[in-house]
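I need the structure of the sequence given here:
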Amino acid sequence: MFNFERKHVWHPYSSMENPAPVYPVKSASGVRLTFEDGREVIDGMASWWCAIHGYNVPELNAAVESQLKDMAHVMFGGLTHQPAAELAKLLLSIVPNQMEKVFFADSGSVSVEVSMKMALQYWQAQGNTNKTKLLALKHGYHGDTFGAMSVCDPVSGMHHVFADALPKHHFSDVNIEAFEAQIKVYHMELAAVIVEPIVQGAGGMRFYSAELLKRIRELCDEYDVLLIVDEIATGFGRTGKLFACEHADIQPDIMCVGKALTGGYMSLAATLCSAKVCDGIHAGGNGVLMHGPTFMANPLACSVALASLGLLLDSPWQQRVQYIEQQLLQGLEPCREHATVADVRVLGAIGVIEMKEPVNVQKVQEHLIEQGVWLRPFGKLIYAMPPFVMGASDMKRLTSAMLSVTSF
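Next up, the predicted model:
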């Protein structure tokens, strides 16, 4: 089976001509993955940051099983259901209080597409046809679909190969002076600013100050530009706050959430907006938000998202994330002494070692698996974003394995 898969199945960011090794997983439970060959590894990635409760969680399993008895899916066009209504109510009770409307999407990238459409339709409805561009931060990443790619870093990002085919937007260096200069010059054509608050994820695992985020909000208000915060990677506790924009105590106009929303069980995302944005869209044109994914508000996904958020909010998640942060700080600090290391940074349940040179991903992964740890390095980065339930001994093994890579 896996020989067939290797010949015919494309994996993320990979070549079919000379594919990198992939490791068949037989099962997953707690914070561990069990490979088909019997080896067991600690998952320091939480399956690309979404499995915050770990795997095979009884409460989440029960939510899926219970919903499955009623219906697995029903279209959301012209229909609705209890799980979607309850999830929307719960989301609106925990996000910044300016958010009042919810649009369910089927992936993080799609939620970014919807956020961009919201911003563009808002200005069209005001009769302003000049505001068609966005301003984003360099080193940012917002997804792999075409609209989302167009606001990812056009030079150092993963999507430069598509540069000539993408809409052209504006980009600022990640500092107050540069951002202020950009919005001052281009505000008349800007529909929105889009940022990952505090932590830039797949564009380089970079952190920036709450002061910058707060100033971005102020400048958007000053120059009459909407603010979109992409909390897909940072939402639901990852940075130590429930949402990263809380570090700066700001209110966005539009907000994207995903990844950890369902605890890693199913694909689901949402785009939330203020009454100002919703009412503005309704003020002119056809007043209809022009988007409608087939699997939006999937009942199974909504049900497990409800259970996952309930599990998170009822847990001591702040203490757990703070504990992971302390373990990462303590365990990764010795990396600074290595000549091969450029930087070490930690925030919440995020730990990053930035090397001076790009790592050999295949070699590093093989070494980490020998240490009983699963991570997915990229570029110059060896980083971890573990499940919030990871305990002391597993955290020690995780950080020790990361430290050992710096001696290659």
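
what's the helix or strand for the residue nearest to residue 6 when sequence neighbours are not counted?
Using C-beta to C-beta, 6 or more residues apart in numbering and skipping residues adjacent in sequence, the residue nearest residue 6 is residue 19, 6.2 Å away. For the C-beta atoms, the positions are set from N, CA and C on the backbone; glycine is no exception. For residue 19, there is no enclosing helix or strand under DSSP states H and E.

Would you map the helices across the stretch 201-350 of the chain?
210-222, 275-282, 299-313, 317-332 (DSSP state H, counting those that start in this stretch).

what about the first one, average pLDDT?
Read that as helix 210-222. Averaged across helix 210-222, pLDDT comes to 98.

Return the distance of that helix from the chain's centre.
21 Å (C-alpha atoms, centre = their mean, to the nearest Å).

Also the longest one?
Its chain's average C-alpha position is 20 Å from that of helix 317-332, according to C-alpha atoms, centre = their mean.

what angle do that helix and helix 299-313 make?
Helix 317-332 runs at 80 degrees relative to helix 299-313, counting by axes from the mean of the first three to the mean of the last three C-alpha atoms, to 10 degrees.

one step back: next, format the helices of the stretch 201-350 of the chain as CSV and append mean neighbour count.
Converted to CSV, the helices of the stretch 201-350 of the chain look like this (neighbours: other C-beta atoms under 10 Å):
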stretch, mean neighbour count
helix 210-222, 18
helix 275-282, 18
helix 299-313, 23
helix 317-332, 18
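
Switch those helices over to a markdown table; also include distance to residue 251.
Formatted as a markdown table, those follow (distance: least, C-beta to C-beta, whole Å):
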| stretch | distance to residue 251 |
| --- | --- |
| helix 210-222 | 7 |
| helix 275-282 | 10 |
| helix 299-313 | 21 |
| helix 317-332 | 22 |
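
coming back round to it: distance check, the residue nearest to residue 6 against residue 382.
The gap separating residue 19 from residue 382 is 22 Å, by C-beta to C-beta, to the nearest Å.

Neighbour count for the two, which is higher?
Shown here are residue 19 and residue 382; by other C-beta atoms under 10 Å, residue 382 has more neighbours (28 against 14).

so that one touches residue 358, yeah?
No: counting by C-beta atoms under 8 Å, residue 382 stays clear of residue 358, with 11.0 Å between them.

before we move on, the earlier item: may I have the phi/psi pair for the residue nearest to residue 6?
phi -70, psi 140 (degrees, to the nearest 10).

thinking it is in contact with residue 11, fair?
Yes: using C-beta under 8 Å, residue 19 is in contact with residue 11, at 6.9 Å.

can I see the domain layout of this structure?
As assigned by automatic domain parsing, the chain contains the domains 2-57+316-405, 70-313.

how long is the shortest one end to end?
With C-alpha to C-alpha, to the nearest Å as the measure, the first residue of domain 2-57+316-405 is 29 Å from its last.

What backbone torsions are found at residue 33?
Main-chain dihedrals, residue 33, degrees, to the nearest 10: phi -110, psi 140.

Give me the buried positions along stretch 52-70.
Neighbour-count burial for stretch 52-70, with 16 or more other C-beta atoms under 10 Å as criterion, is recorded at 52-55, 57, 60, 63-64, 67.
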